[in-house]
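1. predicted model and sequence below, questions to follow.
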Amino acid sequence: MRALSMMAMLWGASAAAQAAPTPFNVILTTKSLVGAAHDTVVASVVDAGVLGPSSTVPMTLRIVDDSGAVLATVTGTVSATVPLRVTVTAPSSAGLRAQLVLPPGAGKFSAGVLVIEREGQGFPPPPHTRLICEIPPHVSRDPETGGGDPVTIWTCKVEVERT
């Protein structure tokens, strides 16, 4: 009888272990922002903290090209008062994207904003272009695939400033 109850306990523990979902990184990527070669490109993320209590969220912020190659990366934390920022010189006029990687259990933004900016060089200076994307507060899985696949953020707006 004791052996039977021990087997039932072990079977229950192994079934519970198999049912647990696999943790995954959440990867959010902006749409592509094109410009000219040698533009200064800055990606930044901040938790505006206006919709509720803000917390410190660990993450990795990258600038990637359209093929997915990483051009610049930084890892750190973000809060309502401390943004995370990374800068790179554009190698060509091709599109670049900001990509945010949140590890499993990283917490949630109360009002996250992911921005990629491209500022040209030369005279007269070309327009300063900025792509501003709101980070969905409850992103956990790609809505189309249902998996932990990368998600392209579609709620973005483009701002162009002439200097």
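-> Structure received.
2. quickly note the distance from the closest residue to P103 other than its chain neighbours to R118.
-> In this structure, P103 finds its nearest non-sequential neighbour in N25, 5.7 Å apart by CB to CB, 6 or more residues apart in numbering. For the C-beta atoms, the positions are set from N, CA and C on the backbone; glycine is no exception. Counting by CB to CB, to the nearest Å, the separation of N25 from R118 is 26 Å.
3. looking at the two, which has the bigger crowd around it?
-> Here N25 and R118 are compared on neighbour count by other CB atoms under 10 Å; more neighbours surround R118, at 21 against 13.
4. do you know how far that one is from A111?
-> Using CB to CB, which is the criterion applied here, R118 is 24 Å from A111.
5. can you give me the helices in this protein?
-> Counting by DSSP state H, the chain has these helices, from start to end: 2-19.
6. looking at it, the residue nearest to P103 is touching V101, isn't it?
-> Yes: look at N25 against V101 with CB atoms under 8 Å: they come within range, at 5.4 Å.
7. between these two, which contacts overlap?
-> Shared between the contact lists of N25 and V101 (criterion: CB atoms under 8 Å, 6 or more residues apart in numbering) there are no residues.
8. tell me which residues touch the residue nearest to P103, please.
-> With contacts defined as CB under 8 Å, 6+ apart, N25 is in contact with 101-104, 148.
9. now T40: how far from T30?
-> Using CB to CB, one gets 17 Å for the distance from T40 to T30.
10. neighbour count winner among these two?
-> Between T40 and T30, counting by other CB under 10 Å, T30 is the more crowded of the two (24 against 15).
11. residue contacts, the more buried one?
-> T30 is in contact with 97-99, 114, 116, 131, 133, 152-153, 156, counting by CB under 8 Å, 6+ apart.
12. let's see 7 Å
-> With contact set as CB atoms under 7 Å, 6 or more residues apart in numbering, T30 has these partners: 97-98, 114, 116, 131, 133, 153, 156.
13. swap in K157?
-> With contacts defined as CB under 7 Å, 6+ apart, K157 is in contact with I132.
14. give the bridge partners for it, please.
-> Beta bridges link K157 to I132, judged by DSSP bridges.
15. please report how far the residue nearest to E161 when sequence neighbours are not counted lies from Q121.
-> Closest residue to E161 apart from its sequence neighbours, by CB to CB, 6+ apart: H128 at 4.4 Å. For H128, the distance to Q121 under the criterion CB to CB works out to 11 Å.
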